[in-house]
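Asker: Give me coordinates for this.
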Amino acid sequence: MLHYWQREIENLKKLILSLGAIVEEQIQRSMLSLERRDTALAEEVITKDKEVDSLEILIEEECLKILALYQPVAKELRFVVAVLKMNNDLERMGDLATNIAKRARFLSKRERTELVEEFAGISDKVQAMVKKSLDALVNTDVNLAKEVLAGDDEVDRLTKQMLKRTINAIEKDPGRTKDYFSIRSISKNLERIADSATNIAEDVVYLCSGEIIRHQTDDFSSEDTAEKGS
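Answerer: This is a model prediction of the structure:
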């Protein structure tokens, strides 16, 4: 019975990592479709979202089955609870990547704007956060998870800058308001992906230590700032 229980946990881990890999690719491809003005690639991202949704449902069902059949406690219970929460965040990331792909599809048919190039810095940081959060899960690495938490403020700062640039662009060229609103939407979706990566990092800390730090994220940024200044 113990061997079967261990197999169930390992299978659940493989499923959540598979979902993470797909979502990570979806984010990369959605931003690539924007950069390249590639409508076909954007369509592929939009279509593949159904696979993300199906896998999210399967993982939830597996979690509920384990809870019902085995009534896990301690570390095993934390693992199942953490997977349930991560599952929701990953599915949300998939939706946000799809939203970006839809905006990229729209912008690919419009006149090119220099603002799209401004996404490179934000996109790189967001994708790095996603990768680190998943690596932290794979390796149950609390320190790596805390690096993700510390990086969220920088993404917030960059998206605020993008908002200012977008408002300025609308004021200068109101005829392209729809285009700039699409750019603003992409920026907001990237910010929300970063927030979801932060949630996953918080869940890794919970999984490893049992500590709930969801409302303590600012403390990590403050600590990092103090360390850099010392």
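Asker: centroid residue for the protein?
Answerer: Against the mean C-alpha coordinate of the chain, by C-alpha atoms, centre = their mean, the closest residue is Ile193 at 3.7 Å.
Asker: May I see the buried residues of the helix or strand harbouring it?
Answerer: Here Ile193, judged by DSSP states H and E, is contained in helix 177-209. Buried positions in helix 177-209, judged by neighbour count with 16 or more other C-beta atoms under 10 Å: 179-180, 182-208. From N, CA and C alone the C-beta is placed, and that goes for glycine too.
Asker: Please tell me I have it right and Ala201 contacts Asn143.
Answerer: No: using C-beta atoms under 8 Å as the test, Ala201 is too far from Asn143 to be in contact (10.7 Å).
Asker: Could you export stretch 21-36 as PDB, CA atoms only?
Answerer: C-alpha atoms of stretch 21-36 as PDB (Å, rounded to 0.1, in the frame of the first residue of the first chain):
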ATOM      1  CA  ALA A  21       6.600  23.000 -18.900                       C
ATOM      2  CA  ILE A  22       3.700  23.600 -21.300                       C
ATOM      3  CA  VAL A  23       2.700  26.900 -19.700                       C
ATOM      4  CA  GLU A  24       6.300  28.100 -19.700                       C
ATOM      5  CA  GLU A  25       6.400  27.300 -23.400                       C
ATOM      6  CA  GLN A  26       3.100  29.100 -24.000                       C
ATOM      7  CA  ILE A  27       4.400  32.300 -22.400                       C
ATOM      8  CA  GLN A  28       7.600  32.100 -24.500                       C
ATOM      9  CA  ARG A  29       5.700  31.500 -27.700                       C
ATOM     10  CA  SER A  30       3.100  34.200 -27.100                       C
ATOM     11  CA  MET A  31       5.900  36.800 -26.700                       C
ATOM     12  CA  LEU A  32       7.700  35.500 -29.700                       C
ATOM     13  CA  SER A  33       4.500  35.800 -31.800                       C
ATOM     14  CA  LEU A  34       4.400  39.500 -30.700                       C
ATOM     15  CA  GLU A  35       8.000  40.200 -31.500                       C
ATOM     16  CA  ARG A  36       7.900  38.500 -34.900                       C
END
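Asker: Give me the distance between stretch 66-75 and the centre of its chain.
Answerer: 27 Å (C-alpha atoms, centre = their mean, to the nearest Å).
Asker: can you tell me which residues contact Trp129?
Answerer: Just so we're on the same page, residue 129 is Met rather than Trp. Val148, Gly151, Asp152, Val155, Ala194, Ala197, Thr198, Ala201 (C-beta atoms under 8 Å, 6 or more residues apart in numbering).
Asker: Dump these into CSV; add pLDDT as well.
Answerer: Shown next, in CSV, are the contacts of Met129 (pLDDT from 0 to 100):
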residue, pLDDT
Val148, 94
Gly151, 88
Asp152, 90
Val155, 93
Ala194, 96
Ala197, 96
Thr198, 96
Ala201, 94
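Asker: how about these, which pair is most distant?
Answerer: The largest separation in the contacts of Met129, counting by C-beta to C-beta, is between Val155 and Ala201 at 12.9 Å.
Asker: distance of the residue nearest to the centre of the chain from Ser30?
Answerer: 10 Å (C-beta to C-beta, to the nearest Å).
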